Every structure is written in C-alpha cells, then in structure tokens.
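Could you work out the structure for the sequence below:
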Amino acid sequence: MRTTRAAIVALASAALLGLTACGGSTNPDEPVGPADTHTERSDDTSSSQTSQETSSSSSSDTSSAPTSSAASPTGDPVLAAITAAEDEAGGTAYEIDDQDEDGTWEIDVAKGDQSVEVEVGEDGTATAGDDDDLDDEDRAGLDAAKIDLAEAIEAALKEADGTFDDAELEEENGTHHWKISVDVNGNDTDVLVDVTTGKATPESDDDGADDDADDN
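Coordinates of the predicted model:
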C-alpha cells in the first residue's frame, strides 16, 4: 500500500514538471511579442526625425543662398560717351562738341599722329568716322597733360555749377589748358583747366566787360 502511494506521488510530480516545461517553451511560428513591437516603433520614430532634420537643413540652405542684384546705374552720360569714343578709336579723347539735337556727341580722339572723329549716340553706341592729321598744338597739349579730358570736365563743373556744353584743348602764352564751356543759368561760361595741375579758373569775358563799359 505504501509502495503504491509513493508511485502515484512520483508520477504526479513528473507530470507537473512536464507541464511546467511545456508552458515555458517558445514556438518559432508564434507572432512577435510586445517587446519586439516597441522596438519597431522606436526605429520608425528615429527615421521620421532624421527625415525632418534633413528637410529642415535643405530648407535652411535654400533660404540662405545669395540672390542676384540689379546692375549698377549708368554714370554721367558725357563721361560715358568719352569712354565709348576712346574704346572705339583706341586713343585719347581731346575734344568734344556740344550735343546734337538727336543726343549725338562728336568726339575727336588722338591715335598716334592721327585724329579720329567718333560719333556716340544717345544710347552709347560709338561709330568711328574720318581720320585726319593731328594738329601739332593739340599733340603738344596732350603730351603735356597729366589729367585727361574727363577729369578736366569734372573739375570745371565743380568750379561752375551748370550744364556741360563742349570742350577742347587751348594754348595761351605757351601754357596749355582744357577749355570747358558750361551753361550756367542760360549763360555760357568758359572754364580753363590747367593740363598739368588740374586747377580750374573761370575765363574772364573781355567782350562782356567792354560792352558794360560802352553802356556806361
């Protein structure tokens, strides 16, 4: 009787151990548990953050890219015309006539021992015309000059506040000047600019002085 009870207890214990072992086993075909699902969500969140950071960086780079600016405005039309004439003829401008009604400037340019007449339209287009021998007096004035025609015009307009008319080289008593004509309040005013020093001096109007004397 005792033997039978011991056998039953042993069998019961073995059965209990077998059930416990079966409960702890894992079937490879079973779906992934909650721990694995949590890991996948974490990966998705990390990928989303990386995508947002890349998009933000791209947007920042685009907004900081430089944009093209408008071109600088054109300078003084007289000085621009002189530059265009010199470029066209390949020499040095030394005389410019008053502007025509159609806005054209006639500019004489010295090139070697030749003088080239260049017309510059209102739109800045320069066209070289006839050439001729350069006058000896003009050649001597250019050789002595330390300031060019454009600089002389600027100096004259600072001395006489008006509108530029025309300019040429002039020699008086062995001294060369740029003679710049300026329209000041409807009156022509000539300004002599020393070719070496750049000093601008309004030229005295001897005829006007004589006329005033005659009126008195």
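
isn't residue 161 right next to residue 184, touching?
Yes. Counting by Cβ atoms under 8 Å, residue 161 touches residue 184, with 6.8 Å between them. C-beta here means a position set from N, CA and C on the backbone, and glycine is covered the same way.

Between the two, which has more neighbouring residues?
It is residue 184, of residue 161 and residue 184, that has more neighbours when counted by other Cβ atoms under 10 Å, with 14 against 10.

Which secondary structure element is home to the closest residue to residue 176 other than its chain neighbours?
Nearest non-adjacent residue to residue 176, counting by Cβ to Cβ, 6 or more residues apart in numbering: residue 141, 4.0 Å away. Assigned by DSSP states H and E, residue 141 falls within helix 136-144.

Got phi/psi on residue 151?
The phi and psi values for residue 151, taken as degrees, to the nearest 10, are phi -70, psi -40.

From residue 82, how far out is it?
To residue 82, residue 151 is 10 Å away according to Cβ to Cβ, to the nearest Å.

cool, and residue 119?
According to Cβ to Cβ, residue 119 stands 13 Å off from residue 82.

Neighbour count: these two, which is higher?
Neighbours were counted for residue 119 and for residue 82 using other Cβ under 10 Å; residue 82 has more, 26 against 17.

Confirm the more buried one sits in a helix?
Yes. Residue state for residue 82 (DSSP: H, G, I helix; E, B strand; the rest coil) corresponds to a helix.

Tell me if I'm right that residue 119 and residue 103 touch.
No. Look at residue 119 against residue 103 with Cβ under 8 Å: they stay out of range, at 10.7 Å.

Can you give me the pLDDT of residue 35?
The model reports residue 35 with a pLDDT of 44.

my bad, should have said residue 170
94.

How about it: what's its closest non-neighbour residue?
Closest to residue 170 by Cβ to Cβ, 6+ apart is residue 179, at 4.3 Å.

and the one you found, how many neighbours does it have?
20.

next structured bit after the helix or strand containing residue 169?
Element membership of residue 169, judged by DSSP H and E, is strand 163-172. On the C-terminal side of strand 163-172, the closest following helix or strand by DSSP H and E is strand 175-184.

Following element in sequence after that next one, please.
strand 187-194.

For the next helix or strand after that following strand, buried residues please.
Note on strand 187-194: by DSSP H and E, the next helix or strand toward the C-terminus is strand 200-202. If you call a residue buried by 16 or more other Cβ atoms under 10 Å, then strand 200-202 has these buried ones: residue 200.

all numbers from here: first residue = 787
In the new count, where the first residue is 787, that last one comes out as strand 986-988.

what is the mean pLDDT for strand 986-988?
94.

Sheet-wise, list the partners of it with their directions.
Strand 986-988 has the following strand partners under DSSP bridges: strand 973-980 (antiparallel).

what sits up against the partner strand?
With contacts defined as Cβ atoms under 8 Å, 6 or more residues apart in numbering, strand 973-980 is touched by 933, 938, 941-942, 945-946, 948, 951, 956, 961, 963-969, 985-989.

Could you give me the ChimeraX syntax to select whichever of those are buried?
Buried subset of those, written as a ChimeraX selection, criterion 16+ other Cβ under 10 Å:
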select :933,938,941,942,945,946,948,951,956,963,964,965,966,967,968,986
